[in-house]
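*Asks:* okay, structure incoming, though there's no sequence with it:
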Ligand code: SF4
Ligand code: SF4
């Protein structure tokens, strides 16, 4: 069987929160969801967007970890921090361009989505993608996603000058090759954004 990948199609998200509930049931972090469900420009829209760990090819979270607590498996899945090593410094939390790792004060350790490695390493789908009713989260083959969706899957991102490639793919319109995120708006008076850029601070607000 062809390799299966994780795909996110933000436009299909209906905000039902089934992914949050399913993630919270995972054995490795029972009771706490590791998936983020963001709202997009909540003032003007009811659109929501799920965010999992993108499993970067060269994960900055692991690069900045002073304790070498974040490991990537040979199949490209970036694991949550190793309990005996993590010193709870939160370097990974502030460095991740997708805002994924969470510092959990009650255990003084970083936790994040590990693509349900206990399941995906034995051929099962991640909990969130298994329950998502609209197909916004999908774990399937490249052939299947290309056959059944109008958009195309991409895994290339540009944050300012930093280029990031991810194991997780996002569905975008056909003409897009890479998502450019050039500016997070922090100034009180917004500067005009380049046409292919997004103001992440305005777009995303966690549910
Ligand atoms: S998305 Fe963030 S937490 Fe996940 S591998 Fe990339 S840098 Fe690390
Ligand atoms: S919080 Fe833990 S995993 Fe994250 S950078 Fe610090 S030591 Fe490493």
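*Replies:* Sure, I can see it. The shown structure was predicted, so the numbers you read here are calculated from the model rather than taken from an experiment. Ligands and ions are numbered 1, 2, ... in the order given.
*Asks:* how about low-confidence regions in this protein?
*Replies:* For the chain, residues meeting the criterion pLDDT under 70 lie at 1, 182-207.
*Asks:* in the longest strand along the chain, what counts as buried?
*Replies:* For the chain, the longest strand by residue count, based on DSSP state E, is strand 162-172. Going by neighbour count (16 or more other CB atoms under 10 Å), the buried part of strand 162-172 is 164, 166, 167, 168, 169, 170, 171, 172. Where C-beta positions appear, they are placed from N, C-alpha and C, glycine not excepted.
*Asks:* quick check, nearest of the residues you listed to ligand 2?
*Replies:* residue 164 (17.7 Å; CB to the nearest ligand atom).
*Asks:* which ones are touching the closest one?
*Replies:* Contacts for residue 164 (CB atoms under 8 Å, 6 or more residues apart in numbering) come out as 54, 56, 57, 58, 60, 97, 156, 157, 158.
*Asks:* burial of the fifth one, as a residue count?
*Replies:* One way to gauge burial is a neighbour count; for residue 60, by other CB atoms under 10 Å, it gives 18.
*Asks:* please apply the same query to the fourth one.
*Replies:* If you count neighbours by other CB under 10 Å, residue 58 ends up with 10.
*Asks:* just the first one next, same as before
*Replies:* Other residues near residue 54 number 25, with proximity taken as other CB under 10 Å.
*Asks:* how much space between it and residue 132?
*Replies:* Relative to residue 132, residue 54 is positioned 17 Å away (CB to CB, to the nearest Å).
*Asks:* do the fourth one as well
*Replies:* Relative to residue 132, residue 58 is positioned 28 Å away (criterion: CB to CB).
*Asks:* among the contacts of residue 164, which pair sits farthest apart?
*Replies:* Farthest-apart pair in the contacts of residue 164 is 60 and 156; separation 15.4 Å (CB to CB).
*Asks:* before I go, just wanted to say thanks for your time.
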